[in-house]
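Trainee: Provided below for reference: sequence and predicted model.
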Amino acid sequence: MPARCFAPWWDQRRGTLDRNVFFDFAHVSLYHYSAFPRGKPRSPDKDALEAMPEQDEALRALRREIDDIDEQLHELIVRRTQVIEKVCDLKRDQPVKVRAAREAQIAYRLVERHRGAFPKRDLLRIWRELIMATLGIEGPFSVAVYAKENEDAYWDLARDHFCLSLPMTRHGSAQQVITAVTRGDATAGVLPLPRIDDPEPWWPYLMGAGGERPRVIFRLPFAGRGNGREGHTEALVICPIEQEASGRDRSLFAFETEEPIPQGTIQATLTKCGLPPTMVHPRMDSHSGGTPLYLIEVDDYLAKDDARIDAFIEALKRPVGSIVLLGGYAKPLSDDELAPSAE
């Protein structure tokens, strides 16, 4: 008849009392198993055994407190979703319900008020999931991602920024992404950050006329780099909505001229007109007989009727064709802002 025995074993490293089990089958000489090593079992420390019940009760009390907090968090998520459903009723006529500036303001506020050991990046990850999940409740939401075969850098950025459950599609060219967003096949698109040496830049495709033209709304990564395999990749997100001010923005616009203008002249004129430039990319448009095009990024928010744009065009003293606002983004959080909070 098998005999089951329990023996207490105090683990001083973990501070817990473990129960080891061994089975001894009588009259079976060829089989023996023991959880104890060969030799005499070690006796638990007497003082540790006496302190164990008090420690276990303290641990159980803390776990009950964690359970209570988890239930409160869950209840708040339920309540938050109920409020979102009311917002949906008020925004029923809006085809795209993304509010990029508001999302950034939420992140800024959370980081500023946060305290304690919980990492800020993970805190913002929780809120991104909440925000994007409720966007899915408000209406269909999908993302078109520039991601060539066997290249996942931009896919990783999109996955980290948008809710893990939202649908994403892979596209082999930037133009395909822009087309998907323009046609409404996708709500937003993820594109490479423009570079001055791009052989085929995508931003001239955003200069076409039309109120539904996609505009830049985010720069990625926004809340620190994730665990993507290419950690230095950056991207812009486009969506057919107007840029809104977040309080700490950068804006993009593009214009064409009859003749090339030196970059230094453009930068100096922008600064003179109160538009501090962070990027000036010239481009000869091969589709219009070599027309000079310029992509400008400035360290500020630009509204449609911003007088500084008119002042810039006038101060250039050069013939300027079309000038188009391409949107902008709230500045991503810096490593210093995401560093652990001081107690």
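Mentor: Thanks, I have the structure now. Here the structure is a predicted model, which means the values were calculated and not measured.

Trainee: quick check: D299 touching T278?
Mentor: Yes - counting by Cβ atoms under 8 Å, T278 is a contact partner of D299 at 5.2 Å. Every residue, glycine included, has its C-beta placed from N, CA and C.

Trainee: excluding chain neighbours, what is closest to the residue most central in space within the chain?
Mentor: Ranked by distance to the mean C-alpha position of the chain (Cα atoms, centre = their mean), the top residue is H161 at 2.8 Å. In this structure, H161 finds its nearest non-sequential neighbour in L220, 5.4 Å apart by Cβ to Cβ, 6 or more residues apart in numbering.

Trainee: how many residues are close by R183?
Mentor: By the measure other Cβ atoms under 10 Å, the count of residues near R183 is 9.

Trainee: oh sorry, the question was meant for V237
Mentor: Neighbours of V237 under the rule other Cβ under 10 Å: 27.

Trainee: for W155, which non-adjacent residue is closest in space?
Mentor: The shortest distance from W155 to any residue that is not its chain neighbour, by Cβ to Cβ, 6+ apart, is 4.5 Å, and that residue is A147.

Trainee: ok, now which ones touch that neighbour?
Mentor: Contacts for A147 were tallied using Cβ atoms under 8 Å, 6 or more residues apart in numbering; they are A153, Y154, W155, R170, H171, G172.

Trainee: likewise for A174?
Mentor: Shown here is A174, whose contacts under the criterion Cβ under 8 Å, 6+ apart are Y146, L191, P192, E200, W202, Y205.

Trainee: assign T169 to helix, strand or coil.
Mentor: For T169, the secondary structure call by DSSP: H, G, I helix; E, B strand; the rest coil comes out as strand.

Trainee: can you give me the strands in this structure?
Mentor: Ranges of strands in the chain, per DSSP state E, are 3-11, 16-24, 143-146, 168-171, 188-192, 215-220, 235-239, 249-257, 277-285, 291-298, 320-330.

Trainee: CA atoms of stretch 306-315 as PDB?
Mentor: Extracted as PDB, the C-alpha positions of stretch 306-315 are listed here (Å, rounded to 0.1, in the frame of the first residue of the first chain):
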ATOM      1  CA  ASP A 306      -1.400  81.300 -40.300                       C
ATOM      2  CA  ALA A 307      -0.100  84.700 -41.200                       C
ATOM      3  CA  ARG A 308       3.500  83.500 -41.000                       C
ATOM      4  CA  ILE A 309       3.100  81.500 -44.200                       C
ATOM      5  CA  ASP A 310       2.100  84.500 -46.100                       C
ATOM      6  CA  ALA A 311       5.000  86.500 -44.600                       C
ATOM      7  CA  PHE A 312       7.400  83.700 -45.600                       C
ATOM      8  CA  ILE A 313       6.200  83.700 -49.200                       C
ATOM      9  CA  GLU A 314       6.400  87.400 -49.400                       C
ATOM     10  CA  ALA A 315       9.900  87.500 -47.900                       C
END
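
Trainee: before we move on, back to that, any chance of the strands of the chain in CSV, plus distance to A311 and mean pLDDT?
Mentor: Conversion of the strands of the chain to CSV gives the following (distance: least, Cβ to Cβ, whole Å; pLDDT from 0 to 100):
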stretch, distance to A311, mean pLDDT
strand 3-11, 74, 48
strand 16-24, 72, 49
strand 143-146, 35, 96
strand 168-171, 39, 95
strand 188-192, 30, 96
strand 215-220, 23, 96
strand 235-239, 26, 97
strand 249-257, 13, 96
strand 277-285, 14, 90
strand 291-298, 13, 95
strand 320-330, 12, 93
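
Trainee: any regions of the stretch 51-200 of the chain where pLDDT drops low?
Mentor: By pLDDT under 70, the low-scoring segments of the stretch 51-200 of the chain are 51-52.

Trainee: can you list the strands of the chain in CSV and add distance to G116?
Mentor: Formatted as CSV, those follow (distance: least, Cβ to Cβ, whole Å):
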stretch, distance to G116
strand 3-11, 29
strand 16-24, 26
strand 143-146, 33
strand 168-171, 33
strand 188-192, 33
strand 215-220, 27
strand 235-239, 31
strand 249-257, 30
strand 277-285, 34
strand 291-298, 36
strand 320-330, 25
